[in-house]
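J.: sequence isn't available, so here's the structure alone:
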């Protein structure tokens, strides 16, 4: 079992920045893929960015060039740097960790609210 604790959400004006953090504990060696998903009211949960244990990354088209995902394996922590935020980025952001790249199988954080005002 892997436990994930997120931090860093909040309220920011459009054009601003936020950094989300997600610290993992437990069965760390089982983690191969970590990522951030988000879910806005009335919408499905969608992948924002993912990073493998080898450092390969992928991003949703809507955040490319604005968001950066990174991973500190020594601290078992994944980060999401969000720049040039837009109101449409408003959502609950969830950290995910799993054994299979590209799969939603695994553990989820409790979610952190990101609100971007116009």
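T.: It's in. Model, not experiment: these values are computed from the prediction.
J.: in what helix or strand does the residue nearest the centre of the chain lie?
T.: Note on the chain: the residue nearest the mean C-alpha position is residue 36, at 2.2 Å, using Cα atoms, centre = their mean. Assigned by DSSP states H and E, residue 36 falls within strand 33-39.
J.: just checking, next helix/strand downstream of that strand?
T.: strand 46-52.
J.: run the angle between that following strand and strand 33-39 for me.
T.: Taking axes from the mean of the first three to the mean of the last three Cα atoms, to 10 degrees, strand 46-52 and strand 33-39 form an angle of 170 degrees between their directions.
J.: same for strand 46-52, what does it pack against?
T.: strand 33-39, strand 57-59, strand 67-72, strand 77-82 (3 or more Cβ pairs under 8 Å, 6 or more residues apart in numbering; DSSP states H and E). All C-beta spots, glycine's among them, are computed from the backbone N, C-alpha and C.
J.: distance between it and the chain's centre?
T.: Taking the mean of its C-alpha atoms, strand 46-52 sits 7 Å from the chain's own mean (Cα atoms, centre = their mean, to the nearest Å).
J.: for residue 101, see how far away the closest residue in space to residue 22 that isn't next to it in sequence is.
T.: Setting aside the residues directly before and after it, residue 22 is nearest to residue 95 in space (Cβ to Cβ, 6 or more residues apart in numbering), at 3.5 Å. Distance, residue 95 to residue 101, by Cβ to Cβ, to the nearest Å: 16 Å.
J.: in terms of neighbours, single out the busier of the two.
T.: residue 95 (26 against 16; other Cβ atoms under 10 Å).
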